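**Student:** what would the 3D arrangement of this be:
(one chain, ligands or ions: 1)
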Amino acid sequence: MIGFRKFSLTLLIFMLVLTAAACGNDTDAKPAAGSGEKYSFKLAHITPTDHMWHKAAEKFKEELEKNSDGRMTVEIYPASQLGSEADMVQQISSGSVDFGLITAAYMSSRAPAFTAWFAPYAFEDLKETNAARDTEIAKKILATLDDQGLKGLDYLFAGNRVMLFKDKEVKKPEDMKGLAFRVTPSPPLQDFYKSLGASPESLPLPEVYAAVQTGVIDGMDMDLDATITNKYHEVAKYAAVTNHMVWPSVAIMNKDKYEKLSDGDKKIVEDAIKVAADYSANTRASQEEEFKKTLSDTGMKVYEINQKLFEPYIKQFDEKYGPTDPLIQEFIDTFRK
Ligand code: BEZ
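**Tutor:** The predicted model follows:
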């Protein structure tokens with residue numbers, strides 16, 4: 001009898017010790033993140049590796065890998081390695097690539113509501129622009145991708161648009177008359193420059209340097225970051241820092257893959273892209289003065305043009321594009337002061 005009691009007591013103590021050890025482990029371990037599934041993602045974008053969007057892609061990768069405890073990995077394909085933006089979006093909607101940072105300019109050709117982001121002078125500065133990501137209208141525009149096999153996750157801003165001129169100091173919109181001007185092949189951008197009297201030339205980024213160098217174009221619509229990374233200061237003498245339009249890339253994901261993620265994993269993805277987007281806008285905002293100085297130091301004349309001179313052209317844009325889509329009208333009504 002004593003033997004049986006002793007055995008029962010030993011067993012009880014043994015079980016208590018086991019339970020305590022298991023509880024101890026639970027307390028030490030990090031809370032389980034997401035589902036436990038493993039993912040090897042691919043992300044594609046068009047900019048060179050020294051552009052802010054690539055740095056933001058690296059930030060996204062770092063956050064995702066850290067917050068999933070290594071269950072999620074990301075391979076980044078920069079600088080159009082996987083083709084044009086049209087090719088990349090096709091690969092993302094078919095699922096051979098998972099994520100993309102795609103210009104809103106290109107996305108506006110597939111989902112017209114993205115045109116709203118090109119309403120000229122809609123925001124004061126990058127801080128205000130970045131805050132617009134969190135608005136209802138910005139989210140409604142992302143949701144227009146739902147029926148294209150794409151999940152619109154967020155926007156990344158990397159500096160507003162400026163105007164570079166090969167050898168003419170343009171001081172007012174009317175000075176643009178007759179200039180052959182490189183403008184991204186996107187209707188709202190092209191229309192804006194047509195309204196200023198310029199002749200827009202649809203050149204993709206890799207062809208721009210030679211075109212301005214050889215005088216095929218007189219100038220270009222660009223951002224300061226890409227001006228420096230592509231060395232346009234070597235071929236253009238004037239930079240009018242107009243900041244007349246914002247320049248988002250749209251973070252997209254294959255919709256099926258997004259929907260198959262557990263709620264926890266969706267949150268890991270969404271949080272990582274949010275951190276990358278804030279990093280992109282905040283870092284870029286803090287570099288504005290440094291970039292202007294870098295360009296001045298190369299001998300470029302860096303100057304401003306008073307926004308008031310563009311007011312008739314802003315009105316023309318709103319009157320043309322507002323009525324084309326209720327979301328564009330809502331965007332204009334939300335952000336125009
Ligand atoms: C452009 O086409 O102007 C451009 C594209 C991506 C980043 C910066 C500029």
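
**Student:** CA only for contacts and neighbour counts going forward, please
**Tutor:** Will do.

**Student:** number of nearby residues for the residue nearest to residue 219 when sequence neighbours are not counted?
**Tutor:** Nearest non-adjacent residue to residue 219, counting by Cα to Cα, 6 or more residues apart in numbering: residue 165, 4.1 Å away. Using other Cα atoms under 10 Å, residue 165 has 25 other residues around it.

**Student:** now do the same contact list for residue 165.
**Tutor:** Taking Cα atoms under 8 Å, 6 or more residues apart in numbering, we find residue 165 in contact with 218, 219, 220, 236, 237, 238, 239.

**Student:** output the set of residues of the stretch 51-200 of the chain in proximity to the ligand.
**Tutor:** residue 184 (Cα under 6 Å from any ligand atom).

**Student:** burial count for the residue of the stretch 51-200 of the chain found nearest the ligand?
**Tutor:** Scanning the stretch 51-200 of the chain for the residue nearest the ligand gives residue 184, at 5.4 Å (criterion: Cα to the nearest ligand atom). By other Cα under 10 Å, 20 other residues sit near residue 184.

**Student:** hmm, back to that, bridged to the residue nearest to residue 219, which residues?
**Tutor:** Beta-bridge partners for residue 165, by DSSP bridges, are residue 219, residue 238.

**Student:** tell me the pLDDT at it?
**Tutor:** On pLDDT, residue 165 comes in at 98.

**Student:** need the residues of the stretch 201-337 of the chain near the ligand, please.
**Tutor:** 204, 205, 222, 223, 226.

**Student:** now the strands for the stretch 151-300 of the chain?
**Tutor:** Using DSSP state E, counting those that start in this stretch, the strands of the stretch 151-300 of the chain run over 161-165, 180-182, 199-201, 219-223, 238-240, 248-254.

**Student:** which residues of the protein fall in helices?
**Tutor:** Along the chain, the stretches classed as helices by DSSP state H are 2-28, 52-67, 85-94, 104-110, 126-131, 136-143, 187-195, 208-213, 224-229, 255-260, 263-286, 288-297, 311-321, 326-335.

**Student:** I'd like these as JSON lines, with mean pLDDT appended.
**Tutor:** Shown next, in JSON lines, are the helices of the chain (pLDDT from 0 to 100):
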{"stretch": "helix 2-28", "mean pLDDT": "43"}
{"stretch": "helix 52-67", "mean pLDDT": "97"}
{"stretch": "helix 85-94", "mean pLDDT": "97"}
{"stretch": "helix 104-110", "mean pLDDT": "95"}
{"stretch": "helix 126-131", "mean pLDDT": "95"}
{"stretch": "helix 136-143", "mean pLDDT": "98"}
{"stretch": "helix 187-195", "mean pLDDT": "96"}
{"stretch": "helix 208-213", "mean pLDDT": "98"}
{"stretch": "helix 224-229", "mean pLDDT": "92"}
{"stretch": "helix 255-260", "mean pLDDT": "98"}
{"stretch": "helix 263-286", "mean pLDDT": "97"}
{"stretch": "helix 288-297", "mean pLDDT": "97"}
{"stretch": "helix 311-321", "mean pLDDT": "98"}
{"stretch": "helix 326-335", "mean pLDDT": "98"}
